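> Next comes the sequence, and after it the predicted model I'd like to discuss.
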Amino acid sequence: MSNDPLTDRQHPNRTGFVRRHLTAFATLLSIFACLGGLAGLWIIAHGVSARDQPTVIEKVLARTLRHLAIPLENRRINNPLPLTPELLALGRMHWADHCATCHGNDGRGQTEIGRNLYPKAPDMTLWATQKLTDGEMLAIIRNGIRLTGMPAWGDASGHDDTQNWELIHFIRHLPKVTQEELGQMKAMNPVSPMERKEEQQEDAFLNGSDATDSPHPSAVKKKEKP
Ligand code: HEC
């Protein structure tokens, strides 16, 4: 047994150690509280409009966290599908049908929805997207990206990623997509009943038929699909 009459907790050295660290802990807490408060004030002052551009800090932080959240072994996976014209065409059609609403047929994100989200749909022809590994793209497409407009796609169990791999072939092809391909994709873009009606009216007008009770479609602003 120790002869020291003081218990461990009462010992002057030990008490000093705890007090020193308590002070450091309290200082750290106050700094975090101040930063949180400042961030809160900044949000209140700037509002929460989706029209704003994310700041550089937000962009770097979000991308770094996303990168770290995808395990290394998943990032290392390569596209198992061979790059054939048939699979590329399937990926292109799938893209036109499911992804182009936000990303645009050309992948530059210049659509009504894509450029008004927060964060915006990125220009996927650029290096920032093209440098993502196949595995990283797969994780993003399969799981989506939390707190952004990017939804999760495909088979949730991850048993069949065929369509996602086809899409990844097409994303790699985006920087060299041709005008001819873009033309074919336009025909694959989803069309709302309202837009279909407008197209029918436009066709009827061009064919000389006046069987329309609505204003001429050229008076109605068309949805953009680059
Ligand atoms: C409702 C809008 C929307 C749709 C539809 C959509 N995305 Fe996205 N996507 C986004 C947004 C917004 C981002 C940017 C998220 C961010 O900044 O973290 C994004 C990011 C991505 C990225 C990461 C790019 C990068 O550089 O960070 C990939 C890959 C992607 N989308 C693929 C797809 C595919 C494939 C489809 C269709 C199957 C699709 N997206 C459909 C909104 C959408």
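Noted; the coordinates are in hand.

> Average pLDDT for the helix or strand where residue 22 lies, rounded please.
Assigned by DSSP states H and E, residue 22 belongs to helix 12-46. Averaged across helix 12-46, pLDDT comes to 85.

> for it, packing partners?
The helices and strands touching helix 12-46, judged by 3 or more Cβ pairs under 8 Å, 6 or more residues apart in numbering; DSSP states H and E, number zero. The C-beta positions use only the backbone N, C-alpha and C, and glycine is treated the same way.

> mind starting the numbering at 89 from now?
Sure, I'll start numbering at 89, so the last one becomes helix 100-134.

> Which element is encountered next along the chain beyond it?
Heading C-terminal from helix 100-134 (DSSP H and E), you reach helix 144-157.

> Mind listing what's buried along that following helix?
Using 16 or more other Cβ atoms under 10 Å as the test for burial, helix 144-157 gives 150, 154.

> Name the residues that touch that helix?
142, 207, 216, 224, 228, 233 (Cβ atoms under 8 Å, 6 or more residues apart in numbering).

> Over to stretch 203-215?
137-142, 146-147, 150, 190-192, 194-197, 199, 201-202, 216-218, 236-237, 259, 262-263.

> check those residues against the ligand, which are close?
With Cβ under 6 Å from any ligand atom as the criterion, the contacts of stretch 203-215 include 150, 190-191, 201, 216-217, 236-237, 259 near the ligand.

> List buried residues within these.
150, 190-191, 201, 217, 237, 259.

> show me what contacts the residue nearest in space to the middle of the chain?
In the chain, the residue lying closest to the centroid (Cα atoms, centre = their mean) is residue 238, at 4.1 Å. Residues counted as contacts of residue 238 (Cβ under 8 Å, 6+ apart) are 190, 228, 232.

> Secondary structure and pLDDT for those - can I get that in CSV?
Conversion of the contacts of residue 238 to CSV gives the following (DSSP: H, G, I helix; E, B strand; the rest coil; pLDDT from 0 to 100):
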residue, secondary structure, pLDDT
190, helix, 98
228, helix, 97
232, coil, 96
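
> Can you name the residues of this structure that neighbour the ligand?
So far as Cβ under 6 Å from any ligand atom goes, the chain lies against the ligand at 150, 186-187, 189-191, 201, 205, 207, 209-210, 212, 216-217, 225, 228-229, 233, 236-239, 241, 255, 259.

> quick one: contacts for residue 229?
So residue 229 contacts 240-242, 252, 255-256 (Cβ under 8 Å, 6+ apart).

> and with 10 Å instead?
Counting by Cβ atoms under 10 Å, 6 or more residues apart in numbering, residue 229 touches 187, 238-242, 249, 251-253, 255-256, 259.

> What would the helix or strand harbouring it look like as CSV? C-alpha coordinates only.
Using DSSP H and E, residue 229 sits in helix 222-231. C-alpha atoms of helix 222-231 as CSV (Å, rounded to 0.1, in the frame of the first residue of the first chain):
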residue,chain,number,x,y,z
ASP,A,222,-14.0,4.0,-61.9
GLY,A,223,-14.6,2.7,-58.4
GLU,A,224,-15.2,6.2,-57.0
MET,A,225,-17.7,6.9,-59.8
LEU,A,226,-19.5,3.7,-59.1
ALA,A,227,-19.8,4.4,-55.4
ILE,A,228,-21.2,7.9,-56.2
ILE,A,229,-23.7,6.6,-58.8
ARG,A,230,-24.8,3.6,-56.7
ASN,A,231,-25.1,5.5,-53.4
